[in-house]
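In: With the input below, show me the fold.
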Amino acid sequence: MSLDPREALVATMERIYRYRMTTTSGGNLSIRDASGDLWITPARVDKGALTPGDIVRVHADGSQEGRHPASSELPFHREIYRRRPDFGAIVHAHPGALVAFSICRKLPETRLQSHVHEVCGKIAIAPYACPGTQALGDNIAATFAQGADCVLLENHGVVIGGRDLKDAFQRFETLEFAAQTLVRAAMLGDVRVLGPEALAVDTMPEYSALEDRPATAGEQALREGICGFVHRAYRQRLLISTAGAFSARLDGSEFLITPRRRDRLEVRADGLVRVRGRSCTDGLKPSRASALHAAIYARLPGVGAIISAQPAHASAFCVTQASLTTHTIPESYVVLNNPPRIPFRRIVEDAEEIAAHLSLEKSPVVLIENEGAVVVGRTPLEAFDRLEVLEATAEALLLAKPLGRIVQMEAGAIDELKRVFKLA
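Out: The predicted structure follows:
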């Protein structure tokens with residue numbers, strides 16, 4: 001059920017503000033409804049305390065309803081909608097990484113990962129003009145009129161359009177996450193991008209309907225547990241709305257997995273997809289990663305949970321040639337062992353090949369170039385812990401770079417960890 005425009009705008013702004021993708025005074029959102037009226041966030045109201053009563057309705061004749069004036073950026077919202085009738089919502093904000101690109105007047109490279117390139121669409125940059133002026137509105141709208149889906153504003157921020165507010169927000173979050181990855185990757189070396197042949201493939205296996213049956217108490221508990229970890233992973237920025245898959249085994253060949261094209265923060269227990277072979281819950285579509293997860297479960301009977309993810313720090317290593325060493329602190333080595341990195345592989349077509357690189361003892365984590373990480377565990381908690389430690393390890397390595405040479409643990413210390421913790 002879709003939210004009232006006021007509630008949708010408040011919920012989306014709360015999410016943007018909570019995850020530090022704008023400031024108290026920066027940014028604005030709008031929705032165009034079926035009647036042509038615009039609903040927009042107000043001027044000079046705290047973004048961290050917005051309520052539905054603060055939202056302003058703007059009629060086609062320019063008259064406004066609301067207890068506050070509309071955002072000072074209303075002119076560019078109206079002009080964009082006039083030039084792009086396919087847009088039903090607009091997100092404008094000042095997230096740190098995209099602002100960094102805007103003040104360097106560079107466009108973020110979306111070919112670093114296939115899902116980023118698919119979700120974000122065409123990226124362009126608009127010339128600078130003073131905020132709130134018609135000139136800014138004309139510059140932005142003219143850039144969108146040329147077919148852009150995301151427009152960086154020189155020395156300002158970003159404006160993104162979408163079919164609806166969810167579409168615009170997901171495009172916005174994905175582009176900011178890609179920009180964060182690129183900023184981190186720039187500390188490590190040259191960024192490797194995918195070629196047209198890799199970006200053109202979006203294979204999704206066909207699934208027949210799995211017979212319906214009521215969930216047991218154990219399955220229901222597992223469903224709730226998966227959702228808890230998915231939501232926590234989102235809050236920890238290990239997953240975003242458009243990227244990442246989490247699954248857990250039900251029995252030998254059957255597992256539960258997050259659904260395809262579903263906002264990770266909105267995943268619910270009854271929305272998880274039950275998969276067995278090439279059959280799945282009737283009426284639901286599993287994540288594209290389901291083929292890979294099925295191959296891993298078949299190959300490794302001790303695995304009880306799998307996560308596919310693209311967290312920003314770890315992904316910076318996946319899109320460069322830099323080595324992600326775990327010989328930094330005991331936790332990193334004990335939890336992760338030595339994660340192998342493999343060349344880019346497609347998670348559907350190359351599922352068996354990727355699965356062959358994983359094992360619970362020696363390589364519970366695999367890094368795939370320009371794709372991300374695949375993490376396995378005996379339980380959902382163990383898999384989640386590994387993902388969290390992977391991202392923390394990558395972050396520490398990046399934070400250490402400006403400080404000086406990284407001193408890794410000596411071979412004797414690694415041997416001691418193997419002996420004490422009975423590692424392979």
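
In: any weak-confidence spans in this structure?
Out: 1-2, 202 (pLDDT under 70).

In: rerun that using 90 as the cut-off
Out: In the predicted model of the chain, residues 1-3, 132, 197, 200-205, 252-253, 424 satisfy pLDDT under 90.

In: mind giving me the domain ranges of it?
Out: For the chain, automatic domain parsing gives the domain ranges 5-185, 208-421.

In: Now render the ones you listed as JSON lines, adding mean neighbour count.
Out: All C-beta atoms are positioned from the backbone trio N, CA, C, and that covers glycine. Shown next, in JSON lines, are these (neighbours: other C-beta atoms under 10 Å):
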{"stretch": "domain 5-185", "mean neighbour count": "19"}
{"stretch": "domain 208-421", "mean neighbour count": "19"}
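
In: Redo those as TSV? Include distance to residue 200.
Out: Shown next, in TSV, are those (distance: least, C-beta to C-beta, whole Å):
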stretch	distance to residue 200
domain 5-185	9
domain 208-421	11
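
In: ok now do the residue lying closest to residue 400 once chain neighbours are set aside, which residues does it touch?
Out: Spatial nearest neighbour of residue 400, chain neighbours left out: residue 406 (5.3 Å); criterion: C-beta to C-beta, 6 or more residues apart in numbering. Contact analysis of residue 406 by C-beta atoms under 8 Å, 6 or more residues apart in numbering lists 325, 328, 397, 400.

In: and with 10 Å instead?
Out: 325, 327-328, 396-397, 400 (C-beta atoms under 10 Å, 6 or more residues apart in numbering).

In: Now do the helices in the protein.
Out: Taking DSSP state H as the test, the helices found in the chain are 5-18, 74-83, 96-104, 114-120, 134-145, 165-185, 196-199, 217-235, 290-299, 312-318, 330-336, 351-355, 380-400, 411-421.

In: Quick one: list the elements packing against the last one.
Out: Same thing as helix 411-421. Secondary-structure packing of helix 411-421 (3 or more C-beta pairs under 10 Å, 6 or more residues apart in numbering; DSSP states H and E): helix 330-336.

In: end to end, how far does stretch 251-265 reach?
Out: One end of stretch 251-265 to the other measures 26 Å (C-alpha to C-alpha, to the nearest Å).

In: nope, stretch 28-36 is what I was after
Out: First-to-last residue span, stretch 28-36, C-alpha to C-alpha: 18 Å.

In: Same check on stretch 267-284?
Out: Distance across stretch 267-284, first residue to last, is 12 Å (C-alpha to C-alpha).

In: next one: that stretch to chain centre, how far?
Out: Here the centre of stretch 267-284 is set off from its chain's centre by 21 Å, with C-alpha atoms, centre = their mean, to the nearest Å.

In: hang on, residue 391 packs against residue 314?
Out: Yes: using C-beta atoms under 10 Å, residue 391 is in contact with residue 314, at 5.3 Å.

In: any common contacting residues for the two?
Out: 238, 373.

In: how close does residue 231 get to residue 266?
Out: 9 Å (C-beta to C-beta, to the nearest Å).

In: sorry, back to before: so which of the domains of the chain is nearest residue 199?
Out: For residue 199, the closest of the domains of the chain is domain 5-185, at 5.3 Å, according to C-beta to C-beta.

In: Nearest to residue 56 among the helices of the chain would be which one?
Out: Residue 56 lies closest to helix 74-83 among the helices of the chain, at 8.4 Å (C-beta to C-beta).

In: Give me the distance between the residue nearest to residue 73 when sequence neighbours are not counted and residue 289.
Out: With C-beta to C-beta, 6+ apart as the criterion, residue 73 has its nearest non-adjacent residue at 5.1 Å, and that residue is residue 28. As for residue 28, its distance to residue 289 is 35 Å (criterion: C-beta to C-beta).
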